[in-house]
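Asker: build me a model from this:
(chains A, B and C)
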Amino acid sequence: MPGRLTAVPELPEVESARATVERAGLHRRIVQVDDTDTWECRPHPPGEIRAALLGRSLTGAFRRGKSMWCETSGLGRSRTPGPVLGLHLGMSGRILVTGPDGTLTEGGDWLGGRYGQGGEEPGRKAVWDRFTLTFADGGTLRLFDKRRLGRVRLDPDTSALGPDAELVDAAELAARLRRGRSPVKARLLDQSVVAGVGNLLADETLWQARLSPRRPVDELTDAELDRLHDALHTATRAAIDQGGVHTGEVIPFRGAGRHCPRCGAEMVRDTVGGRTTWWCPAEQR
DNA sequence: CCATATGTTAAAAG
DNA sequence: ACTTTTAACATATG
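Answerer: Alright, predicted model coming up:
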């Protein structure tokens, strides 16, 4: 269900956050920065991000997998751009943008249109706000992150990330997956192989492809890898269009006593790739 | 109190 | 040296 607080950001949710910044957060002059959460802003000491951003504005919002970043303007009339602001949502981060009057303009869909119990009203300092930009017009852009595993950093290093899961073509996906021998689900979750697949999107993709999450990647046939690419693309695109990975066809059936929505077999659970995994033992081979 | 958690990553293990 | 797995991270929730 949309808006539930348990939604964890995978590629589709990060894309939604990126679009939020693009629609509502660009070209507004930054006059205040709260970067005092030293855990979320690590390794930057308090004030470092603030000093780097004051007087600039965000000029573009980009994403690869679950990582997003914003380019920033030069100071004054300078054409030299400022630093890149890297944002990672971790396990529970959301991007909230407010307008000049403090009203939430973007990002609230993730909160079901409400703000929960933490005193986190729009425009006010909230318990779970870990990083805040305040604009000259009085509005804000905030990283709201209960579990505090998100990250804010200047000039983030994205060189270890594989190609974006929605853009990668079949040949490249196959070549990258086949470099190892571990279970196919573990490879899908490895952000250096392909960027953006989280636990739920992995389960959905493997269910659509009718592949067991435990299959060693080096055993997969060309046809199976093709199926996997189709499923990855379809599942990712559908999740973006429908507003989150929780809209996947098999996601509601991940649970004890639930049955495969295609064939009716009882779903089974195990740990694969270090994460709780549910699959249909009858169809996923 | 106990168990669980959908993200990342350093350290340990193989 | 390289690949794979595990444990830890900070915090919330049931």
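Asker: low-confidence ranges, the stretch 101-250 of chain A, go.
Answerer: A:108-126 (pLDDT under 70).
Asker: for it, which segments count as strands?
Answerer: Along the stretch 101-250 of chain A, the stretches classed as strands by DSSP state E, counting those that start in this stretch are A:104-106, A:129-135, A:140-145, A:151-154.
Asker: go through these and pick out the most buried.
Answerer: strand A:140-145 (a mean of 26; mean count of other Cβ atoms under 10 Å). Quick note: C-beta positions are derived from backbone N, CA and C, even for glycine.
Asker: and A:T20, which of the strands of the stretch 101-250 of chain A is closest to it?
Answerer: strand A:104-106 (4.1 Å; Cβ to Cβ).
Asker: buried residues, stretch A:43-54. List them.
Answerer: For stretch A:43-54, burial by neighbour count (16 or more other Cβ atoms under 10 Å) applies to A:44, A:49-50, A:52-53.
Asker: among those residues, which one sits closest to A:F144?
Answerer: Nearest to A:F144 among the buried residues of stretch A:43-54, with distances taken as Cβ to Cβ, is A:I49, at 17.0 Å.
Asker: is it true that that closest one lies in a helix?
Answerer: Yes: per DSSP: H, G, I helix; E, B strand; the rest coil, A:I49 lies within a helix segment.
Asker: A:L154 versus that one, what's the distance?
Answerer: 6 Å (Cβ to Cβ, to the nearest Å).
Asker: who touches the residue of the stretch 51-200 of chain A found nearest DNA strand B in this structure?
Answerer: Going by Cβ to the nearest atom of the strand, DNA strand B is nearest to A:G198 of the stretch 51-200 of chain A, at 1.7 Å. Shown in contact with A:G198 (Cβ atoms under 8 Å, 6 or more residues apart in numbering): A:8-11, A:66, A:189, A:245.
Asker: in strands only, show me the residues you listed.
Answerer: Among the contacts of A:G198, no member falls in strands (DSSP state E).
Asker: dump the residues you listed to CSV, plus neighbour count.
Answerer: Formatted as CSV, the contacts of A:G198 follow (neighbours: other Cβ atoms under 10 Å):
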residue, neighbour count
A:V8, 17
A:P9, 26
A:E10, 25
A:L11, 26
A:K66, 24
A:L189, 22
A:V245, 27
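Asker: and of these, the nearest to DNA strand C?
Answerer: A:L189 (9.1 Å).
Asker: so the closest one sits right up against A:T277, yeah?
Answerer: No: counting by Cβ atoms under 8 Å, A:L189 does not reach A:T277; the two are 10.0 Å apart.
Asker: which residues do these two both contact?
Answerer: The contact lists of A:L189 and A:T277 share A:199, A:202, where a contact means Cβ under 8 Å, 6+ apart.
Asker: in helices, which of the contacts of A:G198 fall?
Answerer: In helices, defined here by DSSP state H, the members of these are A:11, A:189.
Asker: widest-spaced pair of the contacts of A:G198?
Answerer: For those, and using Cβ to Cβ, no pair is farther apart than A:P9 and A:L189, which are 14.4 Å apart.
Asker: those residues of chain A touching DNA strand B, which are they?
Answerer: A:6-10, A:65-67, A:88, A:90-91, A:147, A:149, A:160, A:189, A:191, A:198-201, A:245-246, A:274-276 (Cβ under 7 Å from any atom of the strand).
Asker: buried subset of those residues?
Answerer: Buried among the residues of chain A next to DNA strand B (16+ other Cβ under 10 Å): A:7-10, A:65-67, A:88, A:90, A:189, A:191, A:198-201, A:245-246.
Asker: check contacts around A:P281.
Answerer: Neighbours of A:P281 in contact, by Cβ under 8 Å, 6+ apart: A:212, A:265-268.
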